[in-house]
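**Student:** next comes the sequence, and after it the predicted model I'd like to discuss.
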Amino acid sequence: MPYTVDFEHVSTAGLESSPVAEALAGLRANEARYYRNKYGHVFTVSPASEVPEAVDRVTTILREERDIVIGSRPLEATAFEVDGLRMAYVFYESGLAINVMYSVEDGGKRAVGFKLADGMEIPEELAARFKFARQKSKLAGVIRGSYFVIKGEY
């Protein structure tokens, strides 16, 4: 069942098994606030098992573009379209959040973004491949992020 992410009253609902549940909840709330403020979009998530197509989309693009397999268990996921962008998010037990931004229009922006919840280590499968920049968030503390441009067609 979909859960509307509240960025005013941050909850760890659905993320309790994560060792960095509070920080991951803040990261999820940070994303919800961004989409509400920029696009007027209500950010909802579901247990990963209820939206396998969103998890599969992210998994497929990671594997085909960069031969990356995430070792952590997906907890929640969502997929939606906003302003000509097809978005997919997966929040992992380790504290990792991955999003796929895919412009519907040819030649538009297409990228995979990684965000690490405050307090988690950089996952082994990403550590040697990406440099992570830091940004501060009132909701999520320090977020470390990186990305790569998608070259294929999905």
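**Tutor:** Received, thanks. Residues are numbered from 1 along each chain as shown.

**Student:** could you pull out the strands for this protein?
**Tutor:** 3-4, 44-47, 74-82, 85-92, 96-103, 110-116, 133-137, 141-149 (DSSP state E).

**Student:** mean confidence score for the fourth one?
**Tutor:** In other words, strand 85-92. In this model, strand 85-92 carries a mean pLDDT of 98.

**Student:** quick check: angle from the helix ranked longest in the chain to strand 96-103?
**Tutor:** When the chain is parsed with DSSP state H, its longest helix is helix 21-39. With axes from the mean of the first three to the mean of the last three Cα atoms, to 10 degrees applied, the angle from helix 21-39 to strand 96-103 works out at 20 degrees.

**Student:** so how far is helix 21-39 from its chain's centroid?
**Tutor:** Distance, stretch centre to chain centre, for helix 21-39: 10 Å (Cα atoms, centre = their mean, to the nearest Å).

**Student:** nearest to Arg33, out of the strands of the chain?
**Tutor:** Shortest distance between Arg33 and these, using Cβ to Cβ, is found for strand 133-137: 9.0 Å. All C-beta spots, glycine's among them, are computed from the backbone N, C-alpha and C.
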